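Chemist: structural data only, the sequence is not supplied:
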């Protein structure tokens, strides 16, 4: 069959595509299954899609049309009634008013709304709703024209929605004016092929500038924000096909066009340059506030050292010299860094910082990138903590009074990529304080840039590094092993799995990894107490293989999305509407045919439907990057040779464990990884250079 269908209800939208119910122009209801390649985004209720496909009979759902070709189009005939009744583009219209418009104007309704003639509609639905109909129709028409235009030029329909959001009704004109505007949404090869088909010549200035920018984008994908000019020229020349000479020409053109910025140490894209420059300027501005300590006096009588002594006494704590210095620094410096490895008492210092701030009547807001880290902050300080995503959400909703002289504390700051720290600092005023807490020995952030690692070694930023391991933490043996790894030395693996604490190593072959880990998880208390942390996603030691193995052991029925109640899950996209981030961990609470209810590790529960299900994965095993910021009673880490395996990754995985770590795999690969330089040393940024410049100018 091939027929236009008005979407009535989206039943499911996941990794495999969309299942939805629609109504034909004859009023017949059909159920349609379309894979993600054909329909890269779920349809919206009220949209009209032309569906070509074959009817199959499902044992539960009956006749279903399995789509082979789909295209978004404008409605025709009486379908406009269903479109207006169901689409969110026509609020307040409903079926009764939509039918009244059709009954009054018939097919002339199309020419009326095409012409934007609200006057002709007003006697039927009123002046206000007439405008709603006109605006809604324009939005829907833009979508249909955009999808048809993309298809005509051989471009993926997935570009349509993002382009419309960017340019609105001018989308086609904007893209034809400079087709390289698509580079933010599609690959260089796809965009360049399209641009050349429109008549752009190989030496067109727009193409040269875009080629240099595309080379910078590729560097960003590898997390670098700075590129040597010769390296960038070579990369741009390769993309453009004209060698390094054309690459040099392209880089020069992009600099002249201010799309790229030249520094003495290399070239930066405008976006990374702006963010690193802003962070450095804001840091210099905060640190220049000479009056800052004077604001932190209690009733003009008690200074911060008196508060520190009082805070320790009140909690029955005795801080070491480093911790005392950290508390004083946090209370007297507008911007500061507290660093240290596992078990050195960073959270104890945080607890005293809270008490001292309360005595000095200074409000504190603490947060971390992931839910588990925020939850640990709450447990350690007995004060509320949020994820950074929820911090931004509170600001957007107006729930956070930024006029107060807040002290903001960010834990696990080694996870902060450049855009995240930039967003945080954009909201801060000079009267605010910011304390970044973390461990520069851990992995650099998943996103581009290097922020905490750069700030933690800068002589311009007040900082305290805690090094004394507390006795209770030392008893597990984990801090000692972690420090050895941080120093590039192989730790003592003398513990056995049966001891229940410490760091052990099991030598196994790749063929033995799956069965060994399944047995270990059972032996160590089950998946609720054990987290598997891997360097890679694929292969016998990868997260996909191990997650499939553990999911296969689940007896409880799972949904069509492939999850069962009680299973650990991880979210793989930043979703500010849900308030969850890429890497948020949770547990499936309940399931239905088309949705899941998940409780996240920060205690928030969400129902996931549609696209959200496609962004969910099992989390029996997670990558080390996704584990960063979290802590678990016990950790199992498969260790085999991989280009991703290095010292920082092994160190980060081991420091996720509170009681016990078991490494499983190739001991020689582990030794080679520990001896190699940490991955952060290979990331190229201009953060330190910007900090120096701004400090000199202050």
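Modeler: Yep, it's here. If you're wondering where the values come from, they're calculated on a predicted model, not measured in any experiment.
Chemist: every contact and neighbour count from this point should use C-alpha atoms.
Modeler: Will do.
Chemist: next, count neighbours for residue 430.
Modeler: For residue 430, the count of nearby residues is 16 (other CA atoms under 10 Å).
Chemist: again with residue 324
Modeler: For residue 324, the tally of surrounding residues (other CA under 10 Å) stands at 19.
Chemist: ok, now residue 128?
Modeler: Applying other CA under 10 Å, we find 12 other residues in the vicinity of residue 128.
Chemist: wait, a helix at it?
Modeler: Yes. Residue 128 forms part of a helix when assessed by DSSP: H, G, I helix; E, B strand; the rest coil.
Chemist: ok, it - contacts?
Modeler: Remark: with contacts taken as CA atoms under 8 Å, 6 or more residues apart in numbering, residue 128 is in contact with residue 122.
Chemist: please repeat the previous calculation with a cut-off of 10 Å.
Modeler: Contacts for residue 128 (CA atoms under 10 Å, 6 or more residues apart in numbering) come out as 92, 118, 121-122.
Chemist: over to residue 528?
Modeler: 521, 566-568, 587, 620, 632-634.
Chemist: reformat those as a markdown table; add neighbour count.
Modeler: What follows is the contacts of residue 528, written out as a markdown table (neighbours: other CA atoms under 10 Å):
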| residue | neighbour count |
| --- | --- |
| 521 | 20 |
| 566 | 16 |
| 567 | 22 |
| 568 | 25 |
| 587 | 21 |
| 620 | 24 |
| 632 | 19 |
| 633 | 16 |
| 634 | 25 |
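Chemist: which one of these is nearest to residue 232?
Modeler: Using CA to CA, residue 620 is the member of these that sits closest to residue 232, with 40.6 Å.
Chemist: nearest residue to that closest one in space, please, no chain neighbours.
Modeler: Residue nearest to residue 620 in three dimensions, not counting chain neighbours: residue 547, with 5.6 Å by CA to CA, 6 or more residues apart in numbering.
Chemist: dihedrals phi and psi, the one you found?
Modeler: Comment: the main-chain dihedrals of residue 547 come out as phi -60, psi -40, following degrees, to the nearest 10.
Chemist: would you reformat the contacts of residue 128 as a markdown table and include secondary structure, pLDDT and neighbour count?
Modeler: As requested, those are exported to a markdown table (DSSP: H, G, I helix; E, B strand; the rest coil; pLDDT from 0 to 100; neighbours: other CA atoms under 10 Å):
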| residue | secondary structure | pLDDT | neighbour count |
| --- | --- | --- | --- |
| 92 | coil | 89 | 15 |
| 118 | helix | 91 | 21 |
| 121 | helix | 92 | 23 |
| 122 | helix | 92 | 14 |
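Chemist: make CSV out of these and add distance to residue 55.
Modeler: Rendered in CSV, the data for the contacts of residue 128 read as follows (distance: CA to CA, whole Å):
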residue, distance to residue 55
92, 36
118, 41
121, 40
122, 43
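Chemist: rewinding a little: burial check on the residue nearest to residue 620, number of neighbours?
Modeler: Here the number of neighbours of residue 547 (other CA under 10 Å) works out to 20.
Chemist: mind checking the SS state of the residue of the chain positioned farthest from its centre?
Modeler: Seen from the C-alpha centroid of the chain, the residue lying at the greatest distance (CA atoms, centre = their mean) is residue 104, 50.1 Å away. Under the three-state scheme (three-state DSSP), residue 104 adopts helix.
Chemist: any idea how far it is from residue 122?
Modeler: Here the distance between residue 104 and residue 122 works out to 12 Å (CA to CA, to the nearest Å).
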